[in-house]
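Student: Take a look and give me a structure for this.
(one chain, ligands or ions: 2)
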Amino acid sequence: MAKIIICALLCVAMFGSMAAAASGGCREANGTSPVSGSCDAYIECKNGVAEEKLCPDGLLYNEKSTGYPCGYPIDVECTQAQSRLQAAQPTEDCPHQFGYFRKGDAGNCGQFMNCDAGRGFVFDCPEGLAWNPATYKCDWPDQVEDCDAEAFLGFRCPALAPKSELLGEQEADYTFHPSQDNCQVYFICIEGRPRRIGCGEDQAFNQELKQCDDIENVPNCSSAIREKGAQIKAARLHAKKN
Ligand SMILES: *[C@@H]1O[C@H](CO)[C@@H](O)[C@H](O)[C@H]1NC(C)=O
Ligand SMILES: *[C@@H]1O[C@H](CO)[C@@H](O)[C@H](O)[C@H]1NC(C)=O
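Tutor: Numbers count the residues shown, from 1 in each chain. Ligands and ions are numbered 1, 2, ... in the order given. This next block holds a predicted model:
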């Protein structure tokens, strides 16, 4: 926090002349207004006195906010013609002091960081999902720009057979593929891109049904996994009885 305050003071000093130029007009005695051409600077008026301020690095000025005037880029629409921003203040962890960012490279898209004053706190997406910086949510990796879904999931869809319009043959839109090393996981290929589906602890992928099924119906699982599945099922039945 101290750093932000120091920065804010420095920046106000640096932009002092601009602030003076802008301070002519406080629309209201108390409130904030945008600075032309900037997405993270704003004018704050207190009792009719204007002062130019900067949002912390990584946040943008949110004209619509009724409380704290700075927000994450996903929540703010910067309407300035030019979107000038302060220089980033990266740390060892973070590209900016504040915000949410993917942690890994294109082949490791499943983790993201919440950066808070330059400290990165790492979070995992649910298995098989990738952090989507466009939505700030965990998403199918094929839906995430800059994520290499095949590398991330360790699975490549078989090449699609060329469609034959003459014969009117209908290609399946979705194809199903077992994981080579986990009987409780399968992949759905949609337009040639894979998505990973986990069946849960007491189910496994039944290739004939093309869906998750009781482990006892899937002979391909190892005996250890079958045993564990049976135990979970027994525990569930037991819990239901009591
Ligand atoms: C502006 O805020 C100050 C306190 O910060 C308050 O005393 C004053 O009445 C406010 N002015 C208006 C017009 O709301
Ligand atoms: C078990 O594996 C074989 C060969 O990989 C496959 O043909 C069969 O459909 C699988 N059985 C089930 C129930 O998933």
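Student: If the residue nearest to residue 123 when sequence neighbours are not counted is in a bridge, with which residues?
Tutor: Distances taken as CB to CB, 6 or more residues apart in numbering put residue 112 closest to residue 123, at 5.6 Å, once the chain neighbours are dropped. All C-beta atoms are positioned from the backbone trio N, CA, C, and that covers glycine. Taking DSSP bridges as the rule, residue 112 bridges to residue 102, residue 123.
Student: What number of residues are in the vicinity of residue 112?
Tutor: 24 (other CB atoms under 10 Å).
Student: again, but for the one 3 residues further on
Tutor: One way to gauge burial is a neighbour count; for residue 115, by other CB under 10 Å, it gives 22.
Student: Thought residue 96 was touching it, still the case?
Tutor: Yes - counting by CB atoms under 8 Å, residue 96 is a contact partner of residue 115 at 6.3 Å.
Student: Residue 33 contacts residue 27, doesn't it?
Tutor: Yes - judged on CB under 8 Å, residue 33 makes contact with residue 27 at a distance of 5.8 Å.
Student: what do the two both touch?
Tutor: Common neighbours of residue 33 and residue 27, using CB atoms under 8 Å, 6 or more residues apart in numbering, are residue 45.
Student: between those two, who's got more neighbours?
Tutor: residue 33 (18 against 10).
Student: Excluding chain neighbours, what is closest to that one?
Tutor: residue 43 (4.9 Å).
Student: Just the pLDDT at residue 35, thanks.
Tutor: Residue 35 carries a pLDDT score of 92 in this model.
Student: What is the biggest helix by length in the chain packed up against?
Tutor: Counting by DSSP state H, the longest helix found in the chain is helix 223-241. Contacts defined by 3 or more CB pairs under 8 Å, 6 or more residues apart in numbering; DSSP states H and E place helix 223-241 against strand 203-206.
Student: so does the strand it packs on get close to ligand 2?
Tutor: Yes - Strand 203-206 lies within reach of ligand 2 by CB under 6 Å from any ligand atom, at residue 206.
Student: Show me the contact partners of that strand.
Tutor: If you take CB under 8 Å, 6+ apart as the criterion, strand 203-206 is touched by 176, 178-179, 183-186, 199, 211-215, 217-218, 220-221, 225, 229.
Student: How many neighbouring residues does residue 239 have?
Tutor: Residue 239: 8 neighbours (other CB under 10 Å).
Student: What distance do you get for it to residue 175?
Tutor: 37 Å (CB to CB, to the nearest Å).
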